[in-house]
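Asks: Give me a model of this one.
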Amino acid sequence: MKILVVTQYFWPESFIINDLVKNLTGQGHVIKVLTGKPNYPDGVVFGGYSASGYQEEKFESSVSVCRAPLRPRGSSGAKNLVLNYLSFILNGLKFYPSAVKDERFDAIFVFAPSPITSVIPAIYLKWKLKSHLAVWVQDLWPESLSATGFIKNKAVLGGVGWLVKGIYAFVDTLLVQSRAFREPVARYANPGKVVYYPNSYQDVPPSVEETRIPAPLLAELDNHFCLVFAGNLGTAQSVETLVEVADKLRHLSEVRIVLVGSGSMSSWIETQKQSRALDNLVLAGRFAASEMPHFFNRAAGLLVTLKQDEAFSYTIPSKVQAYLAAGRPIIAALDGEGARVIQEAGAGLTTAAQDAEGMANCIEQLFRMTSDERESLGQAGRAYYLEHFEMERQSQRLVEILSSRINELKGSSK
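Replies: Residues are numbered from 1 along each chain as shown. Have a look, this model is predicted:
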């Protein structure tokens, strides 16, 4: 199958789409990627790239990657984000058609975390190339805009809803990362277009090479009962809950809450750590994805949190798949679908979103378990991952879905 991938985010940024492309290519499919200049999450264009100018390069030696100019998202502020989103749309419309001139593709596949507006250049390419357009919906718009507080005005949110409805009208297949996404997505689209296709995870064993984790941090991980949170430290992740949990666990001197990552709330967490004298809260900073297995293997448990909001209750945070693959117990402060998956897998302990007291109790419960009991939780999660979220199997499933949908629409048009 020949697939054109359109995504605002791509390697060397760390997103699931990188491994999906790698797997599809390994299975013999021909992939071309249209993207922007890498600048996520810190909002600064990566070394070796310039925000201006069109650029082509290779990924994994065989995948053509075409990069349109992109205004970096900057460190913070709604204005910077809006300009970043707009620049992807406008430069995509300007540069992508010539990048695929005289080519034919079986499908155009859009990886669509926020913003959903990143689908707009692909809509034009669908018309231009006469190809099937599939969108992998990672965030619910306008719900996520309201949940994060990015947009509060009801009239504006209503306008965004109409925009989403317009975008979905041009899409042939809407792939949703959570079963709970079906109903909210179907509010804005024909339900017949909606197909469940979960996020997967590329299981990578720890590198045989020596880790780059600093020695003092390794000592913390090796000598204490560490609960690791890995990923973006932003408003949606309810990092306030993690700080409160650390505060409530002072009496367990062996326990450490280790935050691996960075984001808009990083400086706030640092301030809280200092002002509250939270010696049990470890801010590790951001590390390459290749280092994550080293963190996970040393962790007694893995943490996941989200804000309490209906929109977030529909979501399975992508770190859940990574945690399940790691074979470590999961402690989650989540509502809805994310909690359901962990409970169904028997992979750990859950409490309500933003329930710091409940999460602290879950951690203490895990702490007082035997090593065999903790191992049993981890292995149950690992087995669930292999059945539902393993990347190679899910890559094959994507091709099956696209082929089926293409044939279905061809049949209905006769």
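Asks: ok but Phe295 is inside a helix, no?
Replies: Yes - Phe295: assigned to a helix according to DSSP: H, G, I helix; E, B strand; the rest coil.
Asks: what ranges do the strands span in the stretch 1-150 of the chain?
Replies: Applying DSSP state E, counting those that start in this stretch to the stretch 1-150 of the chain gives strands spanning 2-7, 30-35, 55-59, 63-67, 107-112, 132-137.
Asks: actually the stretch 151-300 of the chain, not the one I wrote
Replies: Ranges of strands in the stretch 151-300 of the chain, per DSSP E, counting those that start in this stretch, are 173-176, 194-196, 225-230, 255-260, 281-285.
Asks: can you list the domains in this structure?
Replies: Annotated domains of the chain cover 2-200+390-413, 215-388 [automatic domain parsing].
Asks: that older thread, turn the strands of the stretch 1-150 of the chain into JSON lines, columns for mean neighbour count, distance to Glu337 and mean pLDDT.
Replies: C-beta: built from backbone N, CA, C; applies to glycine. Formatted as JSON lines, the strands of the stretch 1-150 of the chain follow (neighbours: other C-beta atoms under 10 Å; distance: least, C-beta to C-beta, whole Å; pLDDT from 0 to 100):
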{"stretch": "strand 2-7", "mean neighbour count": "23", "distance to Glu337": "23", "mean pLDDT": "98"}
{"stretch": "strand 30-35", "mean neighbour count": "22", "distance to Glu337": "28", "mean pLDDT": "98"}
{"stretch": "strand 55-59", "mean neighbour count": "13", "distance to Glu337": "31", "mean pLDDT": "97"}
{"stretch": "strand 63-67", "mean neighbour count": "19", "distance to Glu337": "32", "mean pLDDT": "98"}
{"stretch": "strand 107-112", "mean neighbour count": "26", "distance to Glu337": "18", "mean pLDDT": "98"}
{"stretch": "strand 132-137", "mean neighbour count": "24", "distance to Glu337": "14", "mean pLDDT": "98"}
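Asks: can you tell which of those is closest to Asp309?
Replies: Among the strands of the stretch 1-150 of the chain, the nearest to Asp309 by C-beta to C-beta is strand 132-137 (17.4 Å).
Asks: Output the contacting helices and strands for that closest one.
Replies: Under the contact criterion of 3 or more C-beta pairs under 8 Å, 6 or more residues apart in numbering; DSSP states H and E, strand 132-137 touches strand 107-112, helix 120-129, strand 173-176, helix 391-413.
Asks: what angle sits between the last one and strand 107-112?
Replies: Angular relation of helix 391-413 and strand 107-112 on a 0 to 180 degree scale: 120 degrees, by axes from the mean of the first three to the mean of the last three C-alpha atoms, to 10 degrees.
Asks: Could you list the low-pLDDT ranges of the stretch 201-350 of the chain?
Replies: Scanning the stretch 201-350 of the chain for pLDDT under 70 picks out the ranges 205-209.
Asks: Need the strands of the stretch 1-150 of the chain in a markdown table (columns: distance to Ile269).
Replies: Putting the strands of the stretch 1-150 of the chain into a markdown table (distance: least, C-beta to C-beta, whole Å) gives the following:
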| stretch | distance to Ile269 |
| --- | --- |
| strand 2-7 | 29 |
| strand 30-35 | 30 |
| strand 55-59 | 33 |
| strand 63-67 | 33 |
| strand 107-112 | 29 |
| strand 132-137 | 30 |
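Asks: That's all I had, so thanks and see you.
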